[in-house]
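Chemist: dropping the sequence and predicted coords here.
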Number of protein chains: 2
Amino acid sequence: MTGTADETQGYDVFATRCPSRQTLETVTGRWGALTLAALVDGPLRFGALRRRVDGVSEKMLSQTLKLLEADGLLTRTDHGTAPPMVDYALTDPGALVADAVVRLVDAVYAVQPAVQQARNSA
Amino acid sequence: MTGTADETQGYDVFATRCPSRQTLETVTGRWGALTLAALVDGPLRFGALRRRVDGVSEKMLSQTLKLLEADGLLTRTDHGTAPPMVDYALTDPGALVADAVVRLVDAVYAVQPAVQQARNSA
DNA sequence: CGGCATCCGAATGGATACTG
DNA sequence: CAGTATCCATTCGGATGCCG
């Protein structure tokens, strides 16, 4: 019952033209997956997010957040206080995708021992 | 029961150092996800893979396949015939990960209408 | 057919400095 | 704190040509 990625509503990620392809790229982009995964437990402020997603630069995080927000996967809330306090939270669609990302991460964890072994055999 | 990406065996993708992080990057890389997804229905030859993963160049596909093979997620079988015939197939770990990728793609399909709407609102 | 090697322009992305 | 702007090194990745 594995099945191919069926194009339920006529989408096809394999096609360059399909808008879902771009969505996939945003989601699986360099920092997209980790950013989404970081938010599954609840909203986080910019700084906290930056600390959680180890290695991301301020610039890249900012850019990634904009992309995800533009696609409606997360919301940005500026509390307008001083010092600034802005938090990011998953939308419903975002939560759905983030959930799948977390499961992908879990799959990666599950195979990691095998991966390690394969790397050593090289 | 969503839960964070729990570090079942002590892995943590959020940490730059963790080997699972590199695995995630290989899997979610520019062409990694699509390549894995393309193989869920069974082995494919290089050319077929190239045609399936629309937009990938010969060079990038080759490079992606090497990375995935080095991580033990797929196998390369050279039939040694002339003209050459080489096919790529998922290993068991690879199938596990590819499955999760397909589910992620399905999640993307599911939210695509919402994404579309968000993009138009911008 | 299934690659690899080379070239080179384009895009990525980190570091730093600055702002409200 | 939460960004923006600029600079610049690195990398990415397509095009081309060649080989078994």
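Modeler: Great, that's in hand. Owing to the predicted nature of the structure, the values given are computational and were not obtained by experimental measurement.
Chemist: in what helix or strand does residue A:75 lie?
Modeler: Using DSSP states H and E, residue A:75 sits in strand A:74-78.
Chemist: ok, which stretches of chain A are helices?
Modeler: Under the criterion DSSP state H, helices of chain A are mapped to A:19-28, A:32-38, A:46-52, A:58-70, A:92-121.
Chemist: residue B:62 is nearest to which of these?
Modeler: Of all these, it is helix A:92-121 that lies closest to residue B:62, at 18.4 Å by CB to CB. (Each C-beta comes from the backbone N, C-alpha and C, glycine too.)
Chemist: just the angle between that closest one and helix B:19-27, please?
Modeler: If you take axes from the mean of the first three to the mean of the last three CA atoms, to 10 degrees, helix A:92-121 sits at 110 degrees to helix B:19-27.
Chemist: helix A:92-121 packs against which elements?
Modeler: Helix A:92-121 sits against helix A:32-38, helix B:19-27, helix B:92-121, with contacts defined as 3 or more CB pairs under 8 Å, 6 or more residues apart in numbering or on different chains; DSSP states H and E.
Chemist: taking chain A, what residue is nearest to DNA strand D?
Modeler: Closest residue of chain A to DNA strand D, CB to the nearest atom of the strand: residue A:47 (2.8 Å).
Chemist: let me know how buried that residue is, in neighbour terms.
Modeler: 13 (other CB atoms under 10 Å in any protein chain shown).
Chemist: quick revisit: tell me what the strand holding residue A:75 is packed against?
Modeler: Using 3+ CB pairs under 8 Å, 6+ apart, strand A:74-78 is in contact with helix A:58-70, strand A:86-90.
Chemist: the same query, at a cut-off of 6 Å, please.
Modeler: strand A:86-90 (3 or more CB pairs under 6 Å, 6 or more residues apart in numbering or on different chains; DSSP states H and E).
Chemist: how far does the strand it packs on sit from the chain's center?
Modeler: Chain-centre distance of strand A:86-90: 13 Å, with CA atoms, centre = their mean, to the nearest Å.
Chemist: and residue A:40, backbone torsions?
Modeler: Here is the backbone geometry of residue A:40 (degrees, to the nearest 10): phi -60, psi -30.
Chemist: residue numbers of chain A in contact with DNA strand D?
Modeler: Residues of chain A lying close to DNA strand D by CB under 7 Å from any atom of the strand are A:45-48, A:58-59, A:62, A:65, A:76, A:78, A:83-87.
Chemist: what about chain A, any weak spots by pLDDT?
Modeler: A:1-8 (pLDDT under 70).
Chemist: need the residues of it near DNA strand C, please.
Modeler: A:29, A:30, A:55, A:56, A:57, A:58, A:59, A:60, A:83, A:84.
Chemist: not counting sequence-adjacent ones, nearest residue to the third one?
Modeler: In space, and not counting its chain neighbours, residue A:55 is closest to residue B:16: 4.2 Å by CB to CB, 6 or more residues apart in numbering or on different chains.
Chemist: the one you found: neighbouring residues, count only.
Modeler: Count around residue B:16 with other CB under 10 Å applied: 12.
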